[in-house]
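Asks: A predicted structure for the sequence below; I have some questions about it.
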Amino acid sequence: MADPVADLAALAEQAKVHGLVVLAGAGVSMPAPSCLPGWTDFNDAVLHGLAERAEQLTGGGLPSSETMIGLRTLRDEIGALPIDFQAQLMEEECGPDYFRVLQSIDADATNRCHEAIAALAGAGIVNAIVTTNFDRLIERALDARGVTYRVFRRTSEFDELEDALAAGGTLAVVKVHGSADLPDSMVDTLRQRVQGRPESLVRALEGLFARHTVLIAGFSGADLAYDKEYLGLRAGAARSPCVVVVTRAGKNPLPAMASLIADCPNAAALPGTLPDALVSAAAAMGASMPSSSLPAGDEDSIRAERLSTLAANVGAWVDTLGDLSATNILGAVIEGASTRAAFVLLRKTRPRVLSAASRPTDGYWRYEVNYGRHLLERGYIGQDLPLAETVERIRQESQDEAGFDDAFRILTRAALRGHRLDAMSLLARVHAYRGEYSIAIELVKRFRQAAVEEHHALAMHEAFISGATVHALTGNWSGGLEWLEAAYPRLIRFGDEPRRARLCAQLGRFLAWAERYDEAEQYLREGEAITAQLKLGLVQAELNAASGYLELDRGNAVDAVGYLQRAARTFSRAELTSPLLSVLLDLSEAAFRADRNDLSIEALGGVEDQLDRYPGLAGHYHHRVALMLILAGKLAEARTFLAKARAAGEAMDNAWVVQSSEALEAKIAGR
């Protein structure tokens, strides 16, 4: 059906016989006079509002224009920070408040697309309208036409959809991503899209698409890239008597949409522009439309006004968030692509944060957790502070937080006084790096238990991922693997792709330890597919580190060196010392086994230089040096380092270091 006239004639004929379902996407609300902003314009407005607040907080130290240039470059040119991923990062920081800003994507003025849909409904041709849009413009057009309809927009209503469609009588308007008048119904984040929509909705829509002729307009099919079976569209359209997809004239549809059209035997693309294509379709099906039902106006002026209104609404939203939450949100988005830039933001805003009248609030404590995490990753862990005395002073509130420049005090304060679960997970790592292993293990257990009891899904998954580091440092590989394998199906259901990729990295490492190499490789490839799609450079470094460990355990030292060097370069550029040191320990052994002694010595030197900041790694360092000395046949020197390792393990209550050192000593004695 290459001829548009023939396509419309076929559409009209099939709609007459089977009835019509209209699937309307964001494109139907973009023509004048609605001129609703696209997702890029909306994202620009939100980022600009947050960047302006950061500029104010830093006294001009972080110009909003420079921030916007950097974020736009990452999003538009590099492909990092997809908008729905940004939405997830924002929602994690401010919760349901994020969805209030989405209410800005609405207007009062309908356009010819909405009127054409309403005309088809008024003529009794349409059996249902399905839309991914939050705006209420279709409803307004139906109201103007006097059409009776029922809106389905949230799970409780979707549960009734199948019966309502079977009963007929009232036109169903199915808002699959929720509606602007009900913020808690909205679906916008990557996690929500990966989770998919309720089974009752998908089942009802699949049957709807299969029974009727389907006209798709303004819908790019981007959602199908995450889930080929999204909304039951593919399965339903494959059985539909006729599917016509309005595509942009002169441009190829997105691969996901092209695949849908190719896989449906009765589907065809109809190149055109909106609203003309929908108006022509309505005319072909005999629906009458007034020739000039919408007010005329200068389209550029209307669009400029819409963007100005959007900016004002976003600014008002940022104001309601306050300085602290706005900083947390912008920091999370920036960190999605650059941890160094995010740390700069937090560091430069910290003086204003500490003097804010609104602290301590949830936003304040979240800021403290974020700042403490960055300090932890960079080696500012407070290793020289006495444990009991420091904790007691924090309990008594006798410490001045303005002087805090270490993760230990900041995170302890957030955990004890702010009652932040996420601080406990990070504190476990702090104590492990300080050499307080028994405390680290206890914190991991308590954190997991608290997260489970509070049904806090994000905290729970952070517990599994962050806790894996403690398990590895304490040599509790079997226990860590058990937790990670239990976490994976939960994370799949949760739909969090970035964390799933990180969990895949940990599973790859722990499964390699268990010599379950094929499974390890499977998880690592799975994680790499996610990082490639979302451009998660730091997560890819975690996967490279795990792949290096896997190849080292397999005996492929040369391959291990390649992976580990790539991971080390990334962590070094990002100034993330904590994950870097673990990589350097593995790299030192891999390089030694690959006969690259200079590289091995260099890697060991990198770890040795940081032992004063990470005293908890001393036992691991001495143990790894001893292992390589044994491989080199230098047994006397090896005994010296094993003695140091054993002493460190005993002092820090790390049974794995002690037992492993004793095992190597027995190996030497056996020789």
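Replies: Thanks, I have the structure now.
Asks: Who are the packing partners of the helix ranked longest in the chain?
Replies: The longest helix of the chain (DSSP state H) is helix 299-335. Where contact means 3 or more C-beta pairs under 8 Å, 6 or more residues apart in numbering; DSSP states H and E, helix 299-335 is packed against helix 39-57, helix 64-72, helix 83-94, helix 97-101, helix 339-354, helix 362-377. For the C-beta atoms, the positions are set from N, CA and C on the backbone; glycine is no exception.
Asks: Compile these into CSV and extend it with columns for mean pLDDT, distance to E115 and mean neighbour count.
Replies: Shown next, in CSV, are the helices and strands packed on helix 299-335 (pLDDT from 0 to 100; distance: least, C-beta to C-beta, whole Å; neighbours: other C-beta atoms under 10 Å):
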stretch, mean pLDDT, distance to E115, mean neighbour count
helix 39-57, 93, 23, 21
helix 64-72, 93, 35, 16
helix 83-94, 92, 29, 23
helix 97-101, 91, 28, 21
helix 339-354, 89, 46, 19
helix 362-377, 92, 44, 24
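Asks: Throw those helices into JSON lines and include distance to F152, thanks.
Replies: Below are the helices and strands packed on helix 299-335 laid out as JSON lines (distance: least, C-beta to C-beta, whole Å):
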{"stretch": "helix 39-57", "distance to F152": "23"}
{"stretch": "helix 64-72", "distance to F152": "36"}
{"stretch": "helix 83-94", "distance to F152": "22"}
{"stretch": "helix 97-101", "distance to F152": "18"}
{"stretch": "helix 339-354", "distance to F152": "40"}
{"stretch": "helix 362-377", "distance to F152": "34"}
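Asks: Report the distance from the longest helix of the chain to the chain centre.
Replies: Distance, stretch centre to chain centre, for helix 299-335: 20 Å (C-alpha atoms, centre = their mean, to the nearest Å).
Asks: any idea of the mean pLDDT for stretch 271-278?
Replies: For stretch 271-278, mean pLDDT rounds to 93.
Asks: Can you measure across that stretch, start residue to end residue?
Replies: Start-to-end span of stretch 271-278 (C-alpha to C-alpha, to the nearest Å) is 11 Å.
Asks: May I see the buried residues of it?
Replies: Residues of stretch 271-278 classed as buried: P271, G272, L274, P275, A277, L278 (neighbour count, 16 or more other C-beta atoms under 10 Å).
Asks: All the strands of this structure, in order from the start?
Replies: In the chain, the strands defined using DSSP state E lie at 20-24, 126-131, 149-152, 171-175, 213-217, 243-248, 267-272.
Asks: list the helices and strands the fourth one packs on?
Replies: Helices and strands touching strand 171-175, as assessed by 3+ C-beta pairs under 8 Å, 6+ apart, comprise strand 126-131, helix 137-145, strand 149-152, helix 161-167.
Asks: Help me confirm that L536 comes into contact with E528.
Replies: No: applying C-beta atoms under 8 Å as the test, L536 and E528 come out as separate, 9.9 Å apart.
Asks: Neighbour count for the two, which is higher?
Replies: Between L536 and E528, counted using other C-beta atoms under 10 Å, L536 has the larger neighbour count: 23 against 20.
Asks: what about that one, distance to R525?
Replies: Look at L536 and R525: by C-beta to C-beta, to the nearest Å, they are 15 Å apart.
Asks: Repeat that for G95.
Replies: For G95, the distance to R525 equals 34 Å [C-beta to C-beta].
Asks: OK, contacts around the residue lying closest to L81 once chain neighbours are set aside?
Replies: In space, and not counting its chain neighbours, L81 is closest to R75: 4.7 Å by C-beta to C-beta, 6 or more residues apart in numbering. Contacts for R75 (C-beta atoms under 8 Å, 6 or more residues apart in numbering) come out as N43, L81, P82, I83, Q86.
Asks: What of E462?
Replies: Neighbouring residues of E462 by C-beta under 8 Å, 6+ apart: D422, S425, A451, R499.
Asks: In a markdown table: those residues, plus distance to Q192, neighbour count and pLDDT.
Replies: Shown next, in a markdown table, are the contacts of E462 (distance: C-beta to C-beta, whole Å; neighbours: other C-beta atoms under 10 Å; pLDDT from 0 to 100):
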| residue | distance to Q192 | neighbour count | pLDDT |
| --- | --- | --- | --- |
| D422 | 21 | 25 | 86 |
| S425 | 24 | 28 | 86 |
| A451 | 21 | 22 | 74 |
| R499 | 14 | 20 | 93 |
